[in-house]
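Visitor: Structure, please.
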Amino acid sequence: KTREFGSEIAAHLVFFDLEIGRIPETTYDAIIGAGELAPYRHYLDHERRAAVHNLTEPEEKILVETANARGRAFARLATEVNSRTVFRIELDGETREKSQSEILSLLHNPDREIRRKAAESVTGGLSENAHVCTYIYNTLLHEKDVLDRLRSYPSPEDSRHLGNELAGEIVDAVSDACARNYGIVADYYRLKGRLLGLDDLTHYDRYAPIPGEDTAEIPFERAKSVVVESFAEFSPRMVEMAGPFFEKRWIDAALTEGKRGGAYCAGVTPKHHPYVFLNYTHQPRDVMTLAHELGHGIHDVLASDNHLLDYHPVLPMAETASTFAEMLVFDRLRQELTSDRERLALVCSK
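Guide: From the prediction side, this is the model:
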């Protein structure tokens, strides 16, 4: 219902972005400096950059009104399928059923046999829906290809670059730098193999904790304390903004049947508080995840001074805020460790 209502509103507003894109450059330059429009310049400039890819108004309306019956519907189906998948694993002589978040958590277990069983369970669980998920993926890929062709995007990445407000050359430079340094990854896994005492690493050893890494379960209240204390070392204001997430229960962290896997933060509007969603499995890495998503949440709180059109950040900016919050916790944990072995284990866990 919410998606349908949103599409109905969007269909009525299709004309606006199209008209903004049609304003002659000289006219636009003359009016954009007006005091009334100044707060909206970022949004309006972006819409004008995107205008070259606009279709006609009737065509745009068709795409808006059918959005919930096309790719968006298939993406939701994928989420529904994955959240309902049951993963079975034998532990202590007993077959147990796990959610996706729970089974993925076992890939970090120090016991290699448990990791092996967990990896097989992941493959087995996903294989049950392989045909459906493959069909969904191919459908989404085809829709992307069609829309890019209709909107005259030169390459599949261009629409994403436009949405992220990043030049393709910047993304290519980062990608090329990563490719040139693949050897660092190979060196790391050779080191990890030696630390684990394994001659050959396999796929279920990727997340294996190395000797010295703390693998004890961490209660949620302890995770809260670690995160809040880490934020406090940076800024009391950051703690002030994080507090209501815990006090007013803006965080959904419990593991429940049928719950979607992963973690995210949902910013709504500048007038409404954001929500944090994660699956807390009591593992050390979940503390980092909590900090990461709270970083998004605090970013959204800070952005609430903006109007709605400038409220939601582009992805690279959003991930900068969340990764920063995560690294505050990482740095605090590293400072608390007393041995090089423990610090090495923490770094490897990243």
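Visitor: C-alpha from now on. contacts and neighbour counts both.
Guide: Fine.
Visitor: what secondary structure does Val268 sit in?
Guide: Secondary structure state of Val268, per DSSP: H, G, I helix; E, B strand; the rest coil, is coil.
Visitor: I meant to write His273 there.
Guide: His273 carries the three-state label coil when classified by three-state DSSP.
Visitor: so who does it touch?
Guide: Contacts for His273 (CA atoms under 8 Å, 6 or more residues apart in numbering) come out as Gly267, Val301.
Visitor: if you set the cut-off to 6 Å instead, what comes out?
Guide: When contacts are counted by CA atoms under 6 Å, 6 or more residues apart in numbering, His273 is found next to no other residue.
Visitor: chain center to the least confident helix or strand in the chain by mean pLDDT: distance?
Guide: Taking mean pLDDT, DSSP states H and E as the measure, helix 340-349 is the helix or strand of the chain with the lowest mean score, a mean of 86. Taking CA atoms, centre = their mean, to the nearest Å, one finds helix 340-349 lying 25 Å from the centre of the chain it belongs to.
Visitor: do stretch 285-297 as well
Guide: Centroid separation between stretch 285-297 and its chain, computed with CA atoms, centre = their mean, is 11 Å.
Visitor: CA atoms of that stretch as CSV?
Guide: Backbone C-alpha positions of stretch 285-297 (Å, rounded to 0.1, in the frame of the first residue of the first chain) are rendered in CSV as follows:
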residue,chain,number,x,y,z
ARG,A,285,31.7,-8.4,14.5
ASP,A,286,28.1,-7.6,15.4
VAL,A,287,29.4,-4.8,17.6
MET,A,288,31.0,-3.3,14.5
THR,A,289,27.8,-3.7,12.6
LEU,A,290,25.9,-1.9,15.3
ALA,A,291,28.3,1.0,15.2
HIS,A,292,28.2,1.1,11.4
GLU,A,293,24.4,1.4,11.3
LEU,A,294,24.3,3.9,14.1
GLY,A,295,26.7,5.9,12.0
HIS,A,296,24.1,6.0,9.3
GLY,A,297,21.5,6.9,11.9
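Visitor: ok, residues contacting it?
Guide: Identification of contacts with stretch 285-297 by CA under 6 Å, 6+ apart yields Ala223, Val227, Cys265, Pro274, Ala321, Ser322, Thr323, Ala325, Glu326.
Visitor: Tell me if I am right that the third one is in a helix.
Guide: No. The assignment for Cys265, made by three-state DSSP, is strand rather than a helix.
Visitor: what's it in contact with, if anything?
Guide: When contacts are counted by CA under 6 Å, 6+ apart, Cys265 is found next to Tyr275, Val276, Phe277, Glu293.
Visitor: Name whatever forms a beta bridge with it.
Guide: Following DSSP bridges, Cys265 is listed with bridge partners Val276.
Visitor: Tell me how far it lies from Arg206.
Guide: The spacing between Cys265 and Arg206, counted by CA to CA, to the nearest Å, is 27 Å.
Visitor: which element is Ser230 on?
Guide: When elements are assigned from DSSP states H and E, Ser230 belongs to helix 220-234.
Visitor: check contacts around the most centrally placed residue in the chain.
Guide: With distances taken as CA atoms, centre = their mean, Tyr264 lies nearest the centre of the chain, 5.9 Å away. Contacts were defined as CA under 6 Å, 6+ apart; by that measure Tyr264 touches Phe277.
Visitor: Right, I'll leave it there.
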